[in-house]
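Engineer: need the 3D shape of this:
(one chain, ligands or ions: 1)
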Amino acid sequence: MSVTEEAAVGFGRLRRKEDARFIRGQGRFVDDLRLPGMLHGGILRSPVAHARIVSIDVSAALQHPKVHAVITGRELEALGLAWMPTLSADTQAVLATDKVRFQGQEVAFVIADDRYAARDALELIDVEYDVLPAVVNARRALDPDAPVIRDDQEGRTDNHIFDWESGDRAATDAVFARADVVVAQDMLYPRVHPAPMETCGAVADMDAVNGKLTIWCTTQAPHAHRTLYALVARLPEHKIRVISPDIGGGFGNKVGIYPGYVCAVVGSIVTGRPVKWVEDRSENLMSTSFARDYVMHGEIAATRDGTILGVRVDVIADHGAFNSTAQPSKFPAGFFHVFTGSYDLAAAHCAVHGVYSNKAPGGVAYACSFRVTEAVYLVERMVDLLARELDADPAELRLKNLIRPEQFPYQSKTGWVYDSGEYERALRKALEIAGYDELRREQAQKRERGELMGIGLGFFTEAVGAGPRKHMDIVGLGMADAAELRVHPTGKAQLGISCQTQGQGHETTFAQIVSQELGIPSADIEVVHGDTDLTPFGLGTYGSRSTPVSGAAAAVVARNVRDKARLIASAMLEVAPEDLEWEPGRWFVRGDPEQGATIAEIAMATVGSLELPEGVEGTLDSETVYDPPNLTFPFGAYVCVVDVDPGTAVVRVRRFVAVDDCGTRINPMIIEGQVHGGLADGVGMALMELIAFDEDGNCLGGSLMDYLIPTALEVPDWETDFTVTPSPHHPIGAKGVGESATVGSPPTIVNAIVDALKPYDVRHIDMPCTPSRVWEAMEGRAEPP
Ligand code: CDP
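Structural biologist: Below is the predicted model:
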């Protein structure tokens, strides 16, 4: 690290503090943990998607010389732990007792000396299944004769979970009735998986002597996990410590509590030894939380001159076998009702119907804020379909309908209040960087030669930073976050936060926030996170909420320290606090700048013999809880250029321009990294990622041979830029950015592909746009040029 970086104060392109250990291979992940006497757990999983369990015989497994215990649902039943509550007020089997309801469901847990012995012993367990018909199609799950999946719920006769609406149905119908043009389209946002590089896992260690349970766990929300363990397992919360060490990517996959974690805890209690459970890649893809799986019917209404009037959506949401989607309880479809997008509409309405199916549970917000991705995909595809219908330029159509700067704060027709935006500026910038007019000329020439070049546009508005807690909670825990700032006597500081980084660089950016407020170099501020014994309570990191919520808490707590420092400085300098002025790192006497005290001097004086002023206790330390008044609404304008090979239907993403606006930018380098990662995610979802099932419910995407994720070979050199429209209510004006690109890129890429196939009169292709799907779409369509 250069001298400049060590001394760096405030915002800017500071290199990541955490990389000192990551680039040396010194990160410490859950699977790196080796405790004395530690045992290893393995999970027996159902080979079928739907079956009644006739019997489970574990006797042979227990005979295995390296096996210490085998736990089944029966043992858990005795402890009241066979079922656990989900994050969506449903219940989920920890280990199946009555039936298995998806392929890969947890049936038994073996604890052995090592991972290999545990795996060997799993094969010695004999389970007799009475196989039942499976249903993996969300529409079919609603048929009256569909097999009832959740017959554990008394009186249940179907697979319907919930109906939820947002917007004004009557007003929307009226708008549609007077529209010149209505375009409708069915589309699927397919089931995909966050697929973090590190799979999920836990090490549980119950200390029988002092009764303290320590759980090292891949969790994005350590405090919420601790409280839930206390409530579900009826363990005293002060005797539970959840430690979330380095995390190799979360993307929503590490929000929930999985059966494997509970089994590790029970295993440690049963054996009296630490128990580690780490899932393998297939277990991760097949069982721990899918994302999306929204079957959508969208309609858009407009005048002939291209004024968009309204959007109407009907969704069947496939939630798998247990409703364990992670989202604020008031919103069973997450923030899907942000589907009105970035446009000034007269009316909008959506209806969402949740269903059970014989697929893995989950429905996590994979790199998005609770279904924002599905919403943005829907509206951005619909706008492109409208442009097609009107024979309008998709850029012009968007520019005509975007919410204008003077309309902010903007009340959407589904109840959101967008905080700030300069949409046209961002779109014009993206078009200029892309050289849009020139690209259209190039496209026209290529079309004459039979070459398939597509230009896709996408504009998104996200809703990130959940709470406020009066409107948003997860299982009753209000969505606020805390920060605790300690200033040591020598002026070095330690910031404890309740969110948990999974690779986003919080140790750097949160230090930068405090540095900006207090004028202490970032290098002198240590960020502590991911340990419930060392950090204050809060709801954690998902939905790009760290900067909007915890980041705000960090700024506020630093300001509290600054205010306290002023009182102490006034005692030191023997002047009234009002006579002191602040410059970064120091209070000084107005009109006499030589007379002043730095934060370090004030910190030392605070613990020295100075008589502290009234109301100031013995340190500069402070703690705060930030309950956000509103979400923040980052936005962005994207342009994608693709080439489709007319002979093979292979899509190549040639260019991608991303102009993002996340308000005040703390660390532009980290933001660029976040955007690059999200754009790569988008290429994956648009072109290759899919968790598919055959009609018996066998998962066809259970390994990275089948579930394809993008590599450097499939992505272009990203062309990123930005605008800055601060959030008016966030203390430093920052909005979230971690998930913007994952949200904005898939529709942009699909829009580009459909645009490329205009000569074939293709209207729509469902993701992933694999060569075979693109080929099918081209086949039988209009004659190629
Ligand atoms: O919750 P999560 O950390 O995933 O998302 P985020 O709050 O959007 O932040 C992702 C990373 O980008 C963090 O290191 C942030 O501090 C940083 N960031 C930034 O530098 N400036 C912003 N305006 C927003 C985020």
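Engineer: list phi and psi for the residue in the stretch 251-400 of the chain that the ligand sits nearest to.
Structural biologist: Proximity of the stretch 251-400 of the chain to the ligand (C-beta to the nearest ligand atom) peaks at Ala367, 8.3 Å away. Every residue, glycine included, has its C-beta placed from N, CA and C. Phi and psi for Ala367, reported as degrees, to the nearest 10, are phi 50, psi 50.
Engineer: what's around the residue in the stretch 651-785 of the chain that the ligand sits nearest to, how many residues?
Structural biologist: Evaluated by C-beta to the nearest ligand atom, the stretch 651-785 of the chain has Gly738 as its residue closest to the ligand, separated by 2.8 Å. Gly738 sits with 32 neighbouring residues when counted by other C-beta atoms under 10 Å.
Engineer: where does the stretch 1-150 of the chain have low pLDDT?
Structural biologist: For the stretch 1-150 of the chain, the stretches flagged by pLDDT under 70 are 1-4.
Engineer: to clarify, my last question referred to the chain.
Structural biologist: For the chain (pLDDT under 70), the answer is 1-4, 780-785.
Engineer: and the residue in the stretch 351-500 of the chain positioned nearest to the ligand, helix, strand or coil?
Structural biologist: With C-beta to the nearest ligand atom as the measure, Cys499 is the residue of the stretch 351-500 of the chain nearest to the ligand, at 6.5 Å. Here Cys499 is coil, with the state taken from DSSP: H, G, I helix; E, B strand; the rest coil.
Engineer: can you pull the contacts of it?
Structural biologist: By C-beta atoms under 8 Å, 6 or more residues apart in numbering, Cys499 lies in contact with 481, 506, 529, 538, 540-541, 545-546, 549-550.
Engineer: and it, what are its phi and psi?
Structural biologist: phi -90, psi 170.
Engineer: keeping just the C-alphas, turn stretch 706-716 into PDB.
Structural biologist: Taking C-alpha atoms only, stretch 706-716 is exported to PDB below (Å, rounded to 0.1, in the frame of the first residue of the first chain):
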ATOM      1  CA  ASP A 706     -25.300 -28.400 -16.400                       C
ATOM      2  CA  TYR A 707     -25.800 -25.100 -14.500                       C
ATOM      3  CA  LEU A 708     -23.600 -22.900 -16.600                       C
ATOM      4  CA  ILE A 709     -22.200 -19.700 -15.200                       C
ATOM      5  CA  PRO A 710     -20.400 -17.100 -17.200                       C
ATOM      6  CA  THR A 711     -16.600 -16.800 -17.300                       C
ATOM      7  CA  ALA A 712     -14.300 -14.100 -18.600                       C
ATOM      8  CA  LEU A 713     -14.700 -15.700 -22.100                       C
ATOM      9  CA  GLU A 714     -18.400 -14.900 -22.300                       C
ATOM     10  CA  VAL A 715     -18.300 -11.300 -21.200                       C
ATOM     11  CA  PRO A 716     -17.000  -8.200 -23.000                       C
END
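Engineer: name the residues of it that are buried.
Structural biologist: 707-710, 714-716 (16 or more other C-beta atoms under 10 Å).
Engineer: okay, those in TSV with distance to Ser342 and secondary structure next?
Structural biologist: Shown next, in TSV, are the buried residues of stretch 706-716 (distance: C-beta to C-beta, whole Å; DSSP: H, G, I helix; E, B strand; the rest coil):
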residue	distance to Ser342	secondary structure
Tyr707	31	coil
Leu708	31	coil
Ile709	29	coil
Pro710	26	coil
Glu714	28	helix
Val715	25	coil
Pro716	24	coil
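Engineer: wait, which of those is closest to Asp98?
Structural biologist: Closest approach between those and Asp98, by C-beta to C-beta: Tyr707, at 29.9 Å.
Engineer: figure out the helix or strand that the residue nearest to the closest one when sequence neighbours are not counted lives in.
Structural biologist: Leaving aside its sequence neighbours, Tyr707 sits nearest to Gly701 (C-beta to C-beta, 6 or more residues apart in numbering; 4.1 Å). Using DSSP states H and E, Gly701 sits within no helix or strand.
Engineer: residue contacts, the closest residue in space to Arg45 that isn't next to it in sequence?
Structural biologist: Leaving out its chain neighbours, the residue that sits closest to Arg45 by C-beta to C-beta, 6+ apart is Gly104, at 4.7 Å. Residues near Gly104 by C-beta under 8 Å, 6+ apart: 45-46, 283, 286-287, 360, 699, 702.
Engineer: which of these sit farthest apart?
Structural biologist: So, these by C-beta to C-beta: farthest apart are Ser46 and Gly702, at 12.9 Å.
Engineer: columns distance to Pro394 on top of the buried residues of stretch 706-716, output as JSON lines?
Structural biologist: JSON lines is the format used below for the buried residues of stretch 706-716 (distance: C-beta to C-beta, whole Å):
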{"residue": "Tyr707", "distance to Pro394": "31"}
{"residue": "Leu708", "distance to Pro394": "28"}
{"residue": "Ile709", "distance to Pro394": "29"}
{"residue": "Pro710", "distance to Pro394": "25"}
{"residue": "Glu714", "distance to Pro394": "24"}
{"residue": "Val715", "distance to Pro394": "23"}
{"residue": "Pro716", "distance to Pro394": "20"}
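Engineer: tell me the SS of Ser544?
Structural biologist: Per three-state DSSP, Ser544 ends up coil.
Engineer: grab the nearest non-local neighbour of it.
Structural biologist: Gly736 (3.0 Å).
Engineer: residues contacting that neighbour?
Structural biologist: 369, 462, 464-465, 543-548, 632, 634, 662.
Engineer: distance between the ends of stretch 52-67?
Structural biologist: 27 Å (C-alpha to C-alpha, to the nearest Å).
Engineer: so which residues make contact with that stretch?
Structural biologist: 70, 72, 74, 96-100, 107-108, 110-114, 117-118, 120-122, 124-130, 132.
Engineer: how does it look with 7 Å?
Structural biologist: For stretch 52-67, contacts defined as C-beta atoms under 7 Å, 6 or more residues apart in numbering pick out 70, 72, 96, 98-100, 107-108, 110, 112-114, 117, 120-121, 124-130, 132.
Engineer: and these, which are buried?
Structural biologist: 70, 72, 96, 99-100, 107-108, 110, 112, 117, 120-121, 124-125, 127, 129, 132.
Engineer: residues contacting the closest residue in space to Leu679 that isn't next to it in sequence?
Structural biologist: With C-beta to C-beta, 6+ apart as the criterion, Leu679 has its nearest non-adjacent residue at 4.5 Å, and that residue is Ala741. Contacts for Ala741 were tallied using C-beta under 7 Å, 6+ apart; they are 658, 675, 678-679, 682.
Engineer: can you put the residues you listed in CSV and add neighbour count and distance to Ala571?
Structural biologist: CSV is the format used below for the contacts of Ala741 (neighbours: other C-beta atoms under 10 Å; distance: C-beta to C-beta, whole Å):
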residue, neighbour count, distance to Ala571
Ala658, 28, 51
Val675, 26, 47
Gly678, 26, 49
Leu679, 27, 53
Gly682, 31, 56
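Engineer: which pair of those spans the longest distance?
Structural biologist: Val675 and Gly682 (10.4 Å).
Engineer: and stretch 277-292, how far out from the chain's middle?
Structural biologist: How far stretch 277-292 lies from its chain's middle: 16 Å, per C-alpha atoms, centre = their mean, to the nearest Å.
Engineer: and for stretch 89-104?
Structural biologist: For stretch 89-104, the distance to the chain centre is 25 Å (C-alpha atoms, centre = their mean).
Engineer: and that stretch, how far apart are its ends?
Structural biologist: Termini of stretch 89-104 sit 22 Å apart (C-alpha to C-alpha).
Engineer: need the three-state assignment for the spatially closest residue to Val556 that is not a sequence neighbour.
Structural biologist: Closest residue to Val556 apart from its sequence neighbours, by C-beta to C-beta, 6+ apart: Thr624 at 5.0 Å. Following three-state DSSP, we place Thr624 in the strand state.
Engineer: go on, Ile300?
Structural biologist: Going by three-state DSSP: Ile300 is strand.
Engineer: so the nearest residue to it once chain neighbours are set aside is in which element?
Structural biologist: With C-beta to C-beta, 6+ apart as the criterion, Ile300 has its nearest non-adjacent residue at 4.2 Å, and that residue is Met382. Per DSSP H and E, Met382 falls inside helix 372-390.
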